[in-house]
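Visitor: Sequence and predicted model, in that order:
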2 protein chains.
Amino acid sequence: MPVGTKGTVKGLTPEDLREVGAGIVLGNTYHLYLRPGSDLIKEAGGLHAFMGWEGPILTDSGGYQVFSLAQTRRISEEGVEFASVYDGSPHVFTPELTTKVQEDLGSDVAMVLDECPPANASREYHEESLRRTARWAYRCKEAHERRDQALFGIVQGGLSPDLREESLGLTVEIGFDGYAVGGLSVGESREEMLEALALTVPRLPAEKPRYFMGIGDPVGILKVIALGVDMFDCVLPTRLARHGAALTRDGRINLKNARYRTDFGPLDPDCSCEACAGYSRAYLAHLVRENELLGHRLVTLHNVRFSVDLCLRARREIGAGRYEQWSRAWISRYEGSDPAGADKLE
Amino acid sequence: MPVGTKGTVKGLTPEDLREVGAGIVLGNTYHLYLRPGSDLIKEAGGLHAFMGWEGPILTDSGGYQVFSLAQTRRISEEGVEFASVYDGSPHVFTPELTTKVQEDLGSDVAMVLDECPPANASREYHEESLRRTARWAYRCKEAHERRDQALFGIVQGGLSPDLREESLGLTVEIGFDGYAVGGLSVGESREEMLEALALTVPRLPAEKPRYFMGIGDPVGILKVIALGVDMFDCVLPTRLARHGAALTRDGRINLKNARYRTDFGPLDPDCSCEACAGYSRAYLAHLVRENELLGHRLVTLHNVRFSVDLCLRARREIGAGRYEQWSRAWISRYEGSDPAGADKLE
């Protein structure tokens, strides 16, 4: 899911999104609640109408942004108080409010309000937090009225297997239309993350969508798919693009690298996106170096297309029973080819 | 002519430009010579191939930027020394070099190197300058080899009628494929500018294109058309867009004005551009306030479309013999309607 934080996937129109094959986009409740306001979006006919995107939309609950962006916040049983990242104004998110806000936004999939503690929080804190998150999840379900909107629960519990299991049990017991695994990608290592995910995902109801929040690099995507994850979102493909980094089968390349100045070939010869079909690496490198709007847009188009294509291919390989073999070879080429100018930093 | 300073009309693809009806775009020799380099663009097959635009391109000679951007510059008979605006590196533009650079860029219309003194320079300076500009123009014509590229002369002379006439005579005597009026919009009043233009344009050869360098506001466009100008360029429509200002028949509006937050109507009901057809003022206002890339792009699309449509309409009215009456009514509505949130500052 490409991320449309503020009601737009940065630089792309809905038509662009359709052209690159995006099947669903994510909107951020935290940002949209504050700017331009979910009341205004409701008045516009919902987020679909407001942004002109007819396809599915998933909205998060805003909890992640409250815990990652807010300078000051206070958690109570009732909810969480925080200061707006825009103007410092005070706000309170309760399970009832974030559910109402997402109903106003009219997304197709809404998420429960959860707390997302840092990986290094104490065991006691994780325990207290996951139980409160489960109580909040229950309140979200109670408050949820729209029949045309799915509601997903979120499993927390940090890195302790027994706490993950407790959170999973409490969440599944409430019963949701799908389940997300949250509380990872918050400071732990990639290995720890995959280990926690490997323990959690197989125990989620197999007939419901399983959503891992916050992975977007190609190798990470393939690894979590192998663990049974069905959905994921990340700002990485779009954010990288705005910094001039493009995803290719031979690794991530930094278009600011000198060698691309005179490279008149396409960004990725296997890709049929607008950037690859119409422009050279040299032109894209020029745009990126000059910080031109068109450079951001074209590389964003490519990176989103690349990510969508990767997922579609993964789906085909799963269907053909070849996923493990194929993904191993894919990762090996992506990680091993080390093109000049590659930028392998996370 | 929308301005594509660095080989891109900011935020728009060539396809976008075709869709809004742009018939020709302008490229800046100064910028392209320095970044990415005209040698590199030549290697790419010229500016058309490099930026993917198959329609006509006009390149300026770079002289205007040398005189408006450069901190340090020294003029001699040979040419002009200047420091790059990018890195301060020293460069020399001679008539022969700027002609060669534009041949490398492969534009359809090239311009002679001229000096563009400020309006308040002394009469003596203007006199000396216009004669040197004429000698440079002659050297440009001598150096010009491409048969598939038109070369335009530029009339200077400041605000003095006799100096304008001298410059015009010297330039027309050399003989070019078209003629530009330069050295205006450099600090004089709008009335002075129109007066100087009114004296100059009718004396240019009627069978050759007459190009006025540097006007782009709708009222200004209509006024210079009335004086016989055939071509003009300006960054105004694109620059305004990036500041959230949109052109409409009822004047220029600032989308950051509070009233547009909840205005769910289209930007301009008479316009069929992508921004007007697909989005509300409220959505565009949100994008502009949040400084979203998509906001820059959509408002740019609209402003370019608006300007192109205005010129096409003007052409039709001229053909029908109704130009004066029509343009007077148009200007009156544009200047007089004073919508709330209008931003009439230049």
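Guide: Now that the structure is in, tell me what you want to look at.

Visitor: now the helices for the stretch 51-200 of chain A?
Guide: A:63-69, A:95-105, A:123-143, A:161-174, A:190-200 (DSSP state H, counting those that start in this stretch).

Visitor: Show me what the longest one is packed against.
Guide: Taking 3 or more Cβ pairs under 8 Å, 6 or more residues apart in numbering or on different chains; DSSP states H and E as contact, the helices and strands that helix A:123-143 lies on are helix A:95-105, strand A:150-155, helix A:161-174. Where you see a C-beta, it was placed from the backbone N, CA and C, and this is true even at glycine.

Visitor: rewinding a little: quick one, which of the helices of the stretch 51-200 of chain A is nearest to B:Gly63?
Guide: Among the helices of the stretch 51-200 of chain A, helix A:63-69 comes nearest to B:Gly63, with 49.0 Å by Cβ to Cβ.

Visitor: ends of stretch A:19-39, how far apart?
Guide: As for stretch A:19-39, its first-to-last residue distance stands at 30 Å under the measure Cα to Cα, to the nearest Å.

Visitor: whoops, stretch A:102-111 was the one
Guide: For stretch A:102-111, the separation between the terminal residues is 8 Å (Cα to Cα).

Visitor: Do any residues in that stretch lie close to chain B?
Guide: No. Using Cβ under 8 Å from any Cβ of the partner chain, no contact is recorded between stretch A:102-111 and chain B, whose separation bottoms out at 13.4 Å.

Visitor: per-residue confidence averaged over that stretch?
Guide: Averaging the model's pLDDT scores along stretch A:102-111 yields 98.

Visitor: Give me the residues contacting it.
Guide: Under the criterion Cβ atoms under 8 Å, 6 or more residues apart in numbering or on different chains, residues A:24, A:27, A:29, A:32, A:38-39, A:41-42, A:45-48, A:56-61, A:99, A:144-146, A:148-152, A:154, A:177-178, A:180 lie in contact with stretch A:102-111.

Visitor: rerun that using 6 Å as the cut-off
Guide: A:29, A:38, A:41-42, A:46-47, A:56-61, A:146, A:149-152 (Cβ atoms under 6 Å, 6 or more residues apart in numbering or on different chains).

Visitor: Give me the subset of those residues lying in strands.
Guide: Among the contacts of stretch A:102-111, DSSP state E puts A:Ile57, A:Leu58, A:Thr59, A:Ala150, A:Leu151, A:Phe152 in strands.

Visitor: Go ahead and build a PyMOL selection from the buried members of these.
Guide: Here is the PyMOL command that picks out the buried ones among the ones in strands among the contacts of stretch A:102-111, judged by 16 or more other Cβ atoms under 10 Å in any protein chain shown:
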select buried, chain A and resi 57+58+59+150+151+152
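
Visitor: Now flag whichever of the ones in strands among the contacts of stretch A:102-111 is closest to A:Phe212.
Guide: Using Cβ to Cβ as the measure, the one of the ones in strands among the contacts of stretch A:102-111 that approaches A:Phe212 most closely is A:Phe152, at 11.7 Å.

Visitor: Which residue, neighbours along the chain excluded, lies closest to the closest one?
Guide: Excluding its sequence neighbours, the residue lying closest to A:Phe152 (Cβ to Cβ, 6 or more residues apart in numbering or on different chains) is A:Gly178, at 4.2 Å.

Visitor: contacting residues for A:Val181?
Guide: Taking Cβ under 6 Å, 6+ apart as the definition of contact, the neighbours of A:Val181 are A:Val155, A:Thr200, A:Phe212.

Visitor: between those, which is nearest chain B?
Guide: The shortest gap between chain B and any of the contacts of A:Val181 belongs to A:Phe212, at 27.0 Å (Cβ to the nearest Cβ).

Visitor: Show me what the closest one bridges to in the sheet.
Guide: Note on A:Phe212: beta-bridge partners A:Val181, A:Phe232, judged by DSSP bridges.

Visitor: My guess is A:Gly278 contacts B:Gly52. True?
Guide: Yes. With contact taken as Cβ atoms under 6 Å, A:Gly278 and B:Gly52 are classed as touching, separated by 5.0 Å.

Visitor: Mind checking which of the two has more residues around it?
Guide: Between A:Gly278 and B:Gly52, B:Gly52 has the larger neighbour count (other Cβ atoms under 10 Å in any protein chain shown), namely 18 against 15.

Visitor: Which one (most neighbours) among the contacts of A:Val181?
Guide: Each of those was scored by neighbours using other Cβ under 10 Å; the highest score is A:Val155's, at 30 neighbours.

Visitor: Spit out the contact partners of that one.
Guide: By Cβ under 6 Å, 6+ apart, the contact list for A:Val155 reads A:Ser167, A:Leu168, A:Thr171, A:Val181, A:Thr200.

Visitor: switch to 8 Å and redo it
Guide: For A:Val155, the residues meeting the contact criterion (Cβ under 8 Å, 6+ apart) are A:Arg164, A:Ser167, A:Leu168, A:Thr171, A:Tyr179, A:Ala180, A:Val181, A:Gly182, A:Gly183, A:Thr200, A:Leu204.
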